[in-house]
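**Student:** got a structure for you, letters missing:
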């Protein structure tokens with residue numbers, strides 16, 4: 001009954017997190033009682049809609065199976081992790097903000113390592129209907145960010161996870177190191193042309209802050225991943 005009532009995002013994130021710990025060389029025994037934080041970019045689940053009509057079959061587990069706070073908490077519970085366990089929902093930036101907060105937690109000493117990731121599944125048509133009504137959904141199965149033909153978004157689903165440690169600790173423990181985070185920053189657009197509209201001035205300020213915190217110049221960057229909505233409203 002618990003599995004039936006569980007948002008599949010929880011199951012997906014459990015699986016991906018296990019793979020991530022394995023890839024880093026950690027077993028469940030190594031993690032038992034560890035000061036490991038869990039920071040997950042996620043959104044309020046729509047799986048509850050699909051549970052309607054099942055009644056007593058899932059009633060007792062529907063809350064823990066679908067409450068957004070339970071998505072990271074289930075992993076912490078399953079592996080007995082004792083660090084912070086936080087769901088992060090900041091819309092399109094959720095996973096990156098989760099990464100930023102995990103770094104801050106590591107620097108502040110509230111955890112020794114942090115499992116960070118994101119998960120997104122859409123199990124009901126509600127989000128499509130809402131975006132279509134707002135005129136934001138692309139009429140074709142293509143999204144054209146940074147293109148004169150940009151006419152709407154195409155939604156994606158997926159799951160990802162990565163394990164973070166302070167660099168000195170990772171080196172001392174002989175961990176496999178895939179990359180080093182030099183710095184991160186977060187802000188909000190504040191007042192702009194609309195609640196969901198971008199604010200170029202605020203985003204420029206964020207970039208300057210991120211470069212300063214990382215201690216690097218923009219001309220030293222070799223690769224940039226951008227969030228292009230593929231809409232005439234958001235792309236500029």
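**Tutor:** Now that the structure is in, tell me what you want to look at. Because the structure is predicted, anything quoted here is derived from the model rather than measured. Residues are numbered from 1 along each chain as shown.

**Student:** When you work out contacts or count neighbours from here on, use the C-alpha atoms and nothing else.
**Tutor:** Fine.

**Student:** which residue ranges form the helices in the protein?
**Tutor:** Assigned helices in the chain, in chain order: 2-5, 8-23, 28-31, 47-51, 62-66, 70-79, 94-108, 126-133, 167-173, 200-214 (criterion: DSSP state H).

**Student:** Could you pull up the residues touching residue 88?
**Tutor:** By Cα atoms under 8 Å, 6 or more residues apart in numbering, the contact set of residue 88 is 39, 40, 41, 42, 43, 94, 95, 97, 98.

**Student:** picking that back up, closest one to residue 224 among the helices of the chain?
**Tutor:** Nearest of the helices of the chain to residue 224, taken as Cα to Cα: helix 200-214 at 11.7 Å.

**Student:** returning to that earlier point: list just the nearest of the contacts of residue 88 to residue 231.
**Tutor:** Using Cα to Cα, residue 94 comes nearest to residue 231 of the contacts of residue 88, at 19.9 Å.

**Student:** Give me the nearest residue to that closest one, chain neighbours excluded.
**Tutor:** Using Cα to Cα, 6 or more residues apart in numbering and skipping residues adjacent in sequence, the residue nearest residue 94 is residue 41, 4.4 Å away.

**Student:** and the one you found, what pLDDT?
**Tutor:** Per-residue confidence at residue 41 stands at 98 (pLDDT).

**Student:** Which residues are in contact with it?
**Tutor:** 87, 88, 89, 90, 94, 95, 96, 97, 98, 117, 118, 119.

**Student:** In JSON lines, list the contacts of residue 88 along with distance to residue 76.
**Tutor:** Formatted as JSON lines, those follow (distance: Cα to Cα, whole Å):
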{"residue": "39", "distance to residue 76": "10"}
{"residue": "40", "distance to residue 76": "12"}
{"residue": "41", "distance to residue 76": "15"}
{"residue": "42", "distance to residue 76": "16"}
{"residue": "43", "distance to residue 76": "18"}
{"residue": "94", "distance to residue 76": "19"}
{"residue": "95", "distance to residue 76": "18"}
{"residue": "97", "distance to residue 76": "20"}
{"residue": "98", "distance to residue 76": "16"}
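
**Student:** and which of those residues is nearest to residue 164?
**Tutor:** residue 39 (10.7 Å).

**Student:** thought the closest one was touching residue 100?
**Tutor:** No - assessed by Cα atoms under 8 Å, residue 39 is found out of contact with residue 100, at 9.5 Å.

**Student:** who's more crowded, the two?
**Tutor:** residue 39 (30 against 19; other Cα atoms under 10 Å).

**Student:** And the lowest mean pLDDT element among the helices and strands of this structure?
**Tutor:** Lowest on mean pLDDT, DSSP states H and E among the helices and strands of the chain sits helix 47-51, with a mean of 82.

**Student:** buried set for that helix?
**Tutor:** Under the neighbour-count criterion of 16 or more other Cα atoms under 10 Å, helix 47-51 has 47, 48, 51 buried.

**Student:** give me the number of residues near residue 44?
**Tutor:** If you count neighbours by other Cα under 10 Å, residue 44 ends up with 13.

**Student:** That one and residue 9, how far apart?
**Tutor:** To residue 9, residue 44 is 10 Å away according to Cα to Cα, to the nearest Å.
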